[in-house]
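Visitor: sequence unknown, structure follows:
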């Protein structure tokens, strides 16, 4: 039950990326944290969340935003996003481990937002010509990213609360059902 539920929650969260939403209000951080917390097998912990990100990216980049890439097939738009995703998974593994609690999920969600903000804005500074390659240019890049940070935080908190909350609720409900049937 628990693997099927975890897979279903990740798939459902990933599919919300395909719906209209405010910029940066996405389940990306929550998916990374959830996978790190609930998959015991390392290959599942890595493969399932990365597959969810990659497959939805393929659709978003080649169907929804196809014209942005001149109609060219786009496999990956930014390795920095995948690096940030991996860092969020590592943070989730370290902060949550197998001891999931509301306060731990809150801390991990806020950490996920900070990691994503720092890594992706650094990538804009490093790879685009929008900012000078100076400390002042990096500071300007981070400052320009602040308006998007609020939605990142809200998305990480919302989707983490939903995914972790539903999983824990279902787990406790399933335990009560098994406990009740054992007494019959």
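Guide: In hand now; what should we look at? Computed from a prediction, not measured in an experiment: that's the story for all the values here. Numbers count the residues shown, from 1 in each chain.

Visitor: how about the helices in the chain?
Guide: Applying DSSP state H to the chain gives helices spanning 2-16, 28-38, 42-59, 79-96, 102-127, 135-182.

Visitor: how big is the angle separating the third one from helix 28-38?
Guide: Interaxial angle, helix 42-59 versus helix 28-38 (axes from the mean of the first three to the mean of the last three CA atoms, to 10 degrees): 160 degrees.

Visitor: Please apply the same query to the first one.
Guide: Between the axes of helix 2-16 and helix 28-38, defined by the same axes, to 10 degrees, the angle is 170 degrees.

Visitor: shaky segments in the chain?
Guide: Along the chain, segments meeting pLDDT under 70 span 1, 176-184.

Visitor: quick revisit: for the helices of the chain, which one sits closest to residue 73?
Guide: Comparison of the helices of the chain against residue 73 by CB to CB identifies helix 42-59 as nearest, at 9.1 Å. Any C-beta I mention is one placed from the backbone N, CA and C, and that applies to glycine too.

Visitor: what's in contact with that closest one?
Guide: With contact meaning CB atoms under 8 Å, 6 or more residues apart in numbering, helix 42-59 is reached by 3, 6-7, 10-11, 13-15, 17-18, 28, 31-32, 34-36, 39, 75-77, 81-82, 85, 89, 93.

Visitor: In ChimeraX, how would I select just the buried ones from the residues you listed?
Guide: In ChimeraX, a selection of the buried entries from the contacts of helix 42-59 looks like this (16 or more other CB atoms under 10 Å):
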select :6,7,10,13,14,17,28,31,32,34,35,36,39,81,82,85,89,93
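
Visitor: returning to what we had before: deepest of the helices of the chain, which one?
Guide: Greatest average neighbour count among the helices of the chain goes to helix 28-38 (a mean of 28), per mean count of other CB atoms under 10 Å.

Visitor: how far does that helix sit from the chain's center?
Guide: Remark: helix 28-38 is offset 6 Å from the chain centroid, using CA atoms, centre = their mean, to the nearest Å.
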